[in-house]
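**Student:** show me the folded form of this:
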Amino acid sequence: MNVLIIDDDLGIRETLGTALETMGHEVEAANSRAAAEKKLRHESFEVAFLDIRLGAENGLDILPDLLRLSPRLAVIVITAYSSIETAVLAIQRGAFDYLAKPFKPAQIAQMLERVAKTRQLETRISDLEGQLSRPGADAELAATSDPKMQRLMEVAKKSASSDATILMLGESGTGKSALARQIHHWSSRAKEPFVTVSCPSLSRDLLESELFGHMKGAFTGAVATTWGKVAAADRGTLFLDEIGELPSEIQPKLLRLLQEREYERVGESKIRMANVRVIAATNRNLKEAVARGVFREDLLYRLDVISLHLPPLRERPGDVLAIAENQLQQLARQSGRSVKGFTEGARAVMERYSWPGNIRELRNVIERATILTTGEQIDVTDLPSSLSESPEKSPGVGGAYSIEEIEAEHIRQVLARSKNLQQAATILKLDPTTLLRKRKSLNL
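**Tutor:** Now for the predicted structure:
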């Protein structure tokens, strides 16, 4: 952590600073209120050790002002004049805890461990609040019955136990970010931060700063030192969304992070170590990007240790209604609506639609219908008219399709709707061995 020592005693600053640096923390020191406030205005700190007797001032009097400058700062009050009354007053004014002089390195380490655990809990709560604010985001994972998706989930679950880099491929809206978060929850890093970086959202310079952090004055507008998302994800998972959009200038730095687990903040030459698990996602064909010279081949190899290809929703027809019902239950519960299901007409329309926006589009449609419907069931009239007007999503009888295409699509849809291979074989009136052979030859 980045720690600020606020004490007018040079001996205390040096001794405490040495102990903290030995523990692996970054340390800055201030000998007065003015110096401390200047530090807090220009740099981010997680912890501050504040002496009660700070020259002519009382540390408890300046504590509220320090917290106004840095609301998430964990202030540990230190003093040689300890008493129950002083401890209570320190906590009332916003201190994280109280430490009496003289203290030992073990006490400092224990105190900082408590700060770290509190931060972890806050991150976890924030993560859960984020999930509640986007209801149903993980419904597609829980509701899937598609054989390909189930196999993919099995691979994802096995991969979670390692620290191997994972590359997720698939069209926009197929649930890559939801699966990345689920892998994080399955992993040994589940109690640590899950940090997302959207690669196309910022300019090259700002994206580099967002990832690795920067020093004050490193570029125009860098008015304070920041740590960056890599540091924020320490011991946790760093999710790089739309990695195919990563600027070529940043690709070598990401490669270094993956290979050496090290990086440098913008405007700083100090090498820092990163303990993060990287999951990347893209809807681009990275092999084509490599061939065009816009994506590094060695970076692709480093990213593609374990590859997960999420199929579009049109290839998972058996999941459409299951996901829709799961989403509806969560949205209705959150909004307090008594919507309980879908009419047969609405179900038929949703099954026929091609869902070019995939699960994201389905989620938006269900949310809209939940708000607009006046009954206990969502009807066709509650759905966007574009769903009814859309052409059928797959090869159909009488269309410009070959017999082989129609057969493959029919087998795929029956497999998707069946509980197992035997049930699908019974519906298709095929021997299970024959069906298994066809499924392999058609790559279903």
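**Student:** how about low-confidence regions in the stretch 101-250 of the chain?
**Tutor:** 123-143, 223 (pLDDT under 70).
**Student:** please enumerate the strands of it.
**Tutor:** Using DSSP state E, counting those that start in this stretch, the strands of the stretch 101-250 of the chain run over residues 166-169, 194-198, 237-241.
**Student:** domain-wise, how is this protein divided?
**Tutor:** Using automatic domain parsing, the domains assigned to the chain come out as 2-117, 154-309, 313-389, 403-441.
**Student:** show me which residues of the shortest one are buried.
**Tutor:** Applying a neighbour-count criterion of 16 or more other CB atoms under 10 Å, one finds 406, 408-418, 424-425, 428, 430, 435, 438-439 buried in domain 403-441. C-beta here means a position set from N, CA and C on the backbone, and glycine is covered the same way.
**Student:** can you check stretch 255-274 too?
**Tutor:** Using 16+ other CB under 10 Å as the test for burial, stretch 255-274 gives 255-258, 263, 265-266, 272, 274.
**Student:** likewise for stretch 348-355?
**Tutor:** Along stretch 348-355, these residues count as buried under the neighbour rule (16+ other CB under 10 Å): 349-350, 352-355.
**Student:** and it, how far out from the chain middle?
**Tutor:** Distance of stretch 348-355 from the chain centroid (CA atoms, centre = their mean, to the nearest Å) equals 30 Å.
**Student:** just the mean pLDDT for it, thanks.
**Tutor:** For stretch 348-355, the mean per-residue pLDDT is 90.
**Student:** repeat that for stretch 37-56.
**Tutor:** 85.
**Student:** ok, now stretch 381-391?
**Tutor:** 78.
**Student:** same question for stretch 420-434.
**Tutor:** Throughout stretch 420-434, pLDDT has a mean value of 83.
**Student:** and for stretch 290-307?
**Tutor:** 94.
**Student:** ok, back up a step: could I get the strands of the stretch 101-250 of the chain as a markdown table with distance to residue 80 and mean neighbour count?
**Tutor:** Output for the strands of the stretch 101-250 of the chain, formatted as a markdown table (distance: least, CB to CB, whole Å; neighbours: other CB atoms under 10 Å):
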| stretch | distance to residue 80 | mean neighbour count |
| --- | --- | --- |
| strand 166-169 | 52 | 23 |
| strand 194-198 | 40 | 19 |
| strand 237-241 | 43 | 24 |
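**Student:** sorry, back to before: export the domains of the chain to a markdown table and tack on distance to residue 148?
**Tutor:** Putting these into a markdown table (distance: least, CB to CB, whole Å) gives the following:
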| stretch | distance to residue 148 |
| --- | --- |
| domain 2-117 | 40 |
| domain 154-309 | 9 |
| domain 313-389 | 7 |
| domain 403-441 | 9 |
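**Student:** what about those domains, which gets the closest to residue 144?
**Tutor:** Closest to residue 144 of those is domain 313-389 (CB to CB; 5.2 Å).
**Student:** coming back round to it: residue 60: which of the strands of the stretch 101-250 of the chain is closest?
**Tutor:** Nearest to residue 60, of all the strands of the stretch 101-250 of the chain, is strand 194-198, at 34.8 Å by CB to CB.
**Student:** packing partners for the closest one?
**Tutor:** Judged by 3 or more CB pairs under 8 Å, 6 or more residues apart in numbering; DSSP states H and E, strand 194-198 is in contact with helix 176-186, helix 204-212, helix 229-232, strand 237-241.
**Student:** each with direction, which strands does it pair with?
**Tutor:** strand 237-241 (parallel) (DSSP bridges).
**Student:** what mean pLDDT does the helix or strand following the strand it pairs with have?
**Tutor:** Tracing the chain past strand 237-241, the next element assigned as helix or strand by DSSP states H and E is helix 251-260. Averaged over helix 251-260, pLDDT sits at 95.
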